[in-house]
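K.L.:
structural data only, the sequence is not supplied:
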């Protein structure tokens with residue numbers, strides 16, 4: 001298993017943090033604790049970007065899902081602002097530790113978002129990585145996930161459309177399925193394997 005967490009920043013955007021070393025795991029634990037401290041709503045832990053910069057040693061940082069730092073900046077402020085943020089992340093974390101996530105879950109806007117993220121990564125000298133935003137192991141489990149999501153939000157199935165996943169594409173794909181899905185960016189799949197091998201050093 002790869003040890004990591006998805007963390008929400010103060011602005012509501014997400015980043016994925018993966019422990020590459022024991023020091024990275026220690027920093028991950030401290031960051032998660034810090035995200036919970038001082039929050040009035042314990043169910044909504046958030047972390048300052050500056051805290052992540054201060055405790056980045058031993059961590060691999062991914063730009064997040066559709067609500068990630070770069071997609072959020074792209075949606076709110078446009079391509080120029082997202083490029084500036086990507087350059088800032090590259091300068092803070094280094095091109096070998098900050099990666100731009102690409103996800104294709106057949107959700108509206110995926111195609112243009114992935115194209116823009118590829119352009120940003122290529123322009124700023126960053127590597128792209130294929131991820132899946134997996135919420136269940138097999139496609140047929142998506143109905144069970146819908147029920148659990150509705151229960152967590154204390155809603156009926158009919159009333160939980162806004163908080164549920166849009167379709168059944170958020171499952172854990174096989175390497176072959178991932179390679180086919182990202183056949184236009186084989187480097188993204190290769191970088192996924194590279195990151196997995198780097199993280200395998202920490203057990």
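P.N.:
Received the coordinates, thanks. This is a predicted model, so every value here is computed, not measured.
K.L.:
now the helices for the chain?
P.N.:
With DSSP state H as the criterion, the chain has helices at 22-36, 49-54, 69-77, 79-93, 110-124, 142-152, 175-181, 186-199.
K.L.:
neighbours around residue 198, how many?
P.N.:
The number of residues packed near residue 198 is 16, by other Cβ atoms under 10 Å. From N, CA and C alone the C-beta is placed, and that goes for glycine too.
K.L.:
now swap in residue 137 and tell me
P.N.:
Residue 137: 9 neighbours (other Cβ under 10 Å).
K.L.:
excluding its backbone neighbours, what's nearest it?
P.N.:
residue 172 (5.0 Å; Cβ to Cβ, 6 or more residues apart in numbering).
K.L.:
related to what we said a few turns ago, of the helices of the chain, which is nearest residue 13?
P.N.:
Of all those, helix 69-77 sits nearest to residue 13, with 3.9 Å by Cβ to Cβ.
K.L.:
returning to what we had before: report pLDDT for the residue nearest to residue 137.
P.N.:
Per-residue pLDDT puts residue 172 at 83.
K.L.:
got a list of what it touches?
P.N.:
The neighbourhood of residue 172, defined by Cβ atoms under 8 Å, 6 or more residues apart in numbering, consists of 132, 134, 136, 137, 138.
K.L.:
got it, and residue 121?
P.N.:
By Cβ under 8 Å, 6+ apart, the residues touching residue 121 are 86, 100, 127, 128.
K.L.:
same thing but 6 Å
P.N.:
The contact partners of residue 121, taken as Cβ atoms under 6 Å, 6 or more residues apart in numbering, are 100, 128.
K.L.:
excluding its backbone neighbours, what's nearest residue 163?
P.N.:
Nearest one to residue 163, counting by Cβ to Cβ, 6+ apart, is residue 153 at 5.1 Å.
K.L.:
how far away is the one you found from residue 35?
P.N.:
Going from residue 153 to residue 35 by Cβ to Cβ, to the nearest Å gives 21 Å.
K.L.:
looking at these two, which one has more neighbours?
P.N.:
Taking other Cβ under 10 Å, residue 153 and residue 35 do not tie; residue 35 has more neighbours (21 against 13).
K.L.:
the more buried one contacts residue 49, doesn't it?
P.N.:
No - using Cβ atoms under 6 Å, residue 35 is not in contact with residue 49, being 11.8 Å away.
K.L.:
any idea how far residue 74 is from the residue most central in space within the chain?
P.N.:
In the chain, the residue lying closest to the centroid (Cα atoms, centre = their mean) is residue 64, at 2.4 Å. Going from residue 64 to residue 74 by Cβ to Cβ gives 11 Å.
K.L.:
now do the shared contacts for the two.
P.N.:
Joint contacts of residue 64 and residue 74 (Cβ under 6 Å, 6+ apart) do not exist.
K.L.:
quick one: low-confidence ranges for this structure?
P.N.:
Along the chain, the parts satisfying pLDDT under 70 run over 166-169, 171.
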